[in-house]
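Participant: Sequence and computational prediction follow.
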Amino acid sequence: MKAFAYRRTADVRSALTLLAEDDGARYLAGGTNLVDLMKDGVEAPMRLVDVRSLPLDGVRETSDGGLVIGATTTNSDAAAHPEVRRRYPALSQAVLAGASGQLRNTATVGGNLLQRTRCAYFADPSQPCNKRDPGSGCPAITGEHHNHAILGWSRHCVATGPSDMAVALAAFDAVVQYETLDGAGEIPLSDFYLAVGDSPEMETALPAGALITAVTLPASAASPRSRYRKVRERASYAFANVSVAADLDIADGSVRGARIALGGVASRPWRAQVAEEVLQGAPAAADRFRAAADAELSAAEPLRDNRYKVTLARNLIVAVLTELAEGARR
Ligand SMILES: Cc1cc2nc3c(=O)[nH]c(=O)nc-3n(C[C@H](O)[C@H](O)[C@H](O)COP(=O)(O)OP(=O)(O)OC[C@H]3O[C@@H](n4cnc5c(N)ncnc54)[C@H](O)[C@@H]3O)c2cc1C
Ligand code: SF4
């Protein structure tokens with residue numbers, strides 16, 4: 001690992017200033033992703049600005065009945081918070097489906113949103129990778145890609161986004177709050193992650209040097225029945241092959257509204273808007289759930305070795321929607 005300077009501050013403005021002073025600086029939260037990348041030689045920041053002492057942790061209610069989750073709240077605390085579990089259970093389930101207990105005790109909400117892809121070529125500086133070294137190529141397209149994207153990829157990068165939390169946040173229309181030296185701003189999660197396009201190294205719409213301060217969840221999205229299901233290659237400590245965060249609003253046997261987001265299938269959380277539209281006003285029945293999943297996945301472009309994800313995503317969407325409908329009938 002290359003030598004680096006370490007600074008810690010309890011003041012947001014000082015953190016922003018410390019970062020701006022050094023082009024090669026990075027914020028350090030739990031360090032569970034950044035430090036690994038430094039050890040692998042993927043990242044070599046000259047300075048780390050530790051954000052864990054900033055007054056940005058905890059969960060509180062907004063005036064309209066939504067929730068604000070501070071950026072330095074640990075994944076464990078976010079998942080365990082009674083109001084997160086009661087109003088946005090799919091978010092709690094998504095966070096608990098990620099990593100391990102020890103990692104969740106250290107990892108933070110801000111760091112989780114900005115963790116990098118788990119594509120093995122990205123993590124290996126001896127390999128070309130457009131995301132790490134723009135213009136060098138994407139060996140995953142013809143190489144090892146069984147857990148790569150089936151939706152929204154480009155010929156420049158086929159990696160998937162790793163965050164489980166972000167998938168649930170996408171389903172709930174969460175908003176990312178940030179601070180810069182020029183003031184505060186916010187970005188809906190739906191616009192936070194950029195499409196891959198020609199520039200896979202550009203991952204988010206966050207302005208340079210911005211510090212994530214919180215994530216807000218709107219009151220209108222709260223639902224005690226929402227669900228997160230994740231299929232992975234081990235029972236824990238593994239990233240998603242496919243995951244689904246979903247909620248159904250059902251009245252008199254018909255769907256009044258649906259929220260569905262997919263993980264493990266694209267570079268960013270994939271809001272299944274086509275499926276949501278198919279379900280709007282439809283009977284809450286298995287054939288409609290299958291039709292919605294098929295409509296969404298008709299856009300899938302699987303690679304040589306990840307066709308299984310199309311079937312997996314279809315089955316998982318149908319299973320989660322069926323569970324939600326059965327729960328609504330009880
Ligand atoms: C073995 C293993 C398995 C894992 N499995 C899963 C999984 O299944 N699902 C899942 O979702 N995650 C998984 N994770 C990822 C883990 O949850 C992330 O490493 C973690 O959430 C990152 O949080 P952190 O606070 O440690 O971030 P850090 O490593 O400290 O930072 C990550 C990035 O975010 C930036 N950053 C951090 N905080 C801020 C802020 N407030 N504002 C601006 N930038 C910031 C840093 O500069 C850095 O670029 C796994 C990790 C490991 C090591
Ligand atoms: S899929 Fe993306 S991250 Fe992986 S090698 Fe290709 S460009 Fe790099």
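Facilitator: Structure received. Ligands and ions are numbered 1, 2, ... in the order given.

Participant: Name the residues of this structure found near ligand 1, please.
Facilitator: 26-34, 36, 51, 71, 75, 98-99, 103, 106-108, 110-112, 114-115, 162-165, 211-212, 237, 239 (C-beta under 6 Å from any ligand atom). The C-beta positions use only the backbone N, C-alpha and C, and glycine is treated the same way.

Participant: Write the ChimeraX selection for whichever of these are buried.
Facilitator: To isolate the buried members of these in ChimeraX, using 16 or more other C-beta atoms under 10 Å:
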select :26,27,28,29,30,31,32,33,34,51,71,75,98,99,103,106,107,108,110,111,112,114,115,162,163,164,165,211,212,239
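
Participant: Which of the residues of the chain next to ligand 1 fall in strands?
Facilitator: Arg26, Tyr27, Leu28, Leu211, Ile212 (DSSP state E).

Participant: Which strand residues bridge the fourth one?
Facilitator: Judged by DSSP bridges, the bridge partners of Leu211 are Glu179.

Participant: thinking again about what came up before, check the ones in strands among the residues of the chain next to ligand 1 against Gly137 and report the nearest one.
Facilitator: Gly137 has its nearest neighbour among those in Arg26, at 25.6 Å by C-beta to C-beta.

Participant: Counting by contacts, list what the helix ranked longest in the chain packs against.
Facilitator: Secondary structure assigned by DSSP state H gives helix 308-329 as the longest helix of the chain. Helix 308-329 is packed against strand 227-232, strand 240-251, strand 254-263, helix 286-297, with contacts defined by 3 or more C-beta pairs under 8 Å, 6 or more residues apart in numbering; DSSP states H and E.

Participant: That one to strand 240-251, inter-axis angle?
Facilitator: Interaxial angle, helix 308-329 versus strand 240-251 (axes from the mean of the first three to the mean of the last three C-alpha atoms, to 10 degrees): 30 degrees.

Participant: List the buried residues of helix 308-329.
Facilitator: Of all the residues in helix 308-329, those buried under the rule 16+ other C-beta under 10 Å are 309-310, 312-314, 316-322, 324-325.

Participant: pretty sure Thr117 contacts Thr160?
Facilitator: Yes: shown here, Thr117 and Thr160 form a contact pair, counting by C-beta atoms under 8 Å, at 6.6 Å.

Participant: For these two, work out which one has more neighbours and name it.
Facilitator: Thr160 (28 against 24; other C-beta atoms under 10 Å).

Participant: Name the nearest residue to the more buried one, ignoring sequence neighbours.
Facilitator: Ala149 (5.2 Å; C-beta to C-beta, 6 or more residues apart in numbering).
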